[in-house]
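> here is a sequence with its predicted model. Questions after.
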Amino acid sequence: MSAIGAVLGAKCPQCRSGNLFPVSPFSFKKLSAINSSCPKCQANLNPEPDFYYGAMYISYAFSVALVITSLTIINILIEEPELWMYLTTVFVGNLMLFPAMLRYSKVLYLYGLGKLKYREN
C-alpha cells in the first residue's frame, strides 16, 4: 500500500496494514481513541505521553480551511448572503466533519512526527 493510501485509510505507518483506530475514522464513537499498538505489527502508536496534543494544530488548520472554503462558496453562489447563512454553514460543516478532522489530524501528526518508518515484510 502506498503512503498516501495508508494515510487515507488511517493505517499504521510501520506496516501500512493495521488500523490506527478501533472504529472507523468517520464514526462519532470513541472520538479520541487510538490503538496503543498496531494490531498487525505491534508498533507503539503512542510514542510518548500526551503525544497527540500537537495534533490540535493540524485540526485547527483543517477547521480554518473549512471556514474559508465555506465562506468563499457562499459568496460565489449567493449575491448578498446574510450572517445566519455563514454561521449555519460553518456550524453544520464543522459538526459533520469533526470526527474526520480530529482523527486525520492525529494520523498526519503520527506520520510526520511519530518516528515510525515503513518496513516491508
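Everything's here; your move. Numbers count the residues shown, from 1 in each chain.
> look at the most centrally placed residue in the chain and report its pLDDT.
With distances taken as Cα atoms, centre = their mean, Y104 lies nearest the centre of the chain, 1.4 Å away. pLDDT for Y104: 91.
> who touches it in this structure?
When contacts are counted by Cβ atoms under 8 Å, 6 or more residues apart in numbering, Y104 touches 7, 10, 25, 58, 62. Quick note: C-beta positions are derived from backbone N, CA and C, even for glycine.
> what ranges do the helices span in the chain?
For the chain, the helices defined by DSSP state H cover 3-8, 55-77, 83-113.
> now the ones you listed as TSV including distance to P47?
Converted to TSV, the helices of the chain look like this (distance: least, Cβ to Cβ, whole Å):
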stretch	distance to P47
helix 3-8	17
helix 55-77	13
helix 83-113	8
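> give me the low-pLDDT residue ranges for this structure?
Scanning the chain for pLDDT under 70 picks out the ranges 121.
> again, only this time at 90
Applying pLDDT under 90 to the chain picks out residues 1-3, 16-17, 23-33, 42-43, 46-52, 54, 79, 98-100, 112-121.
> correct me if wrong: M101 contacts V64.
No. Between M101 and V64 there is no contact under Cβ atoms under 8 Å: 10.7 Å.
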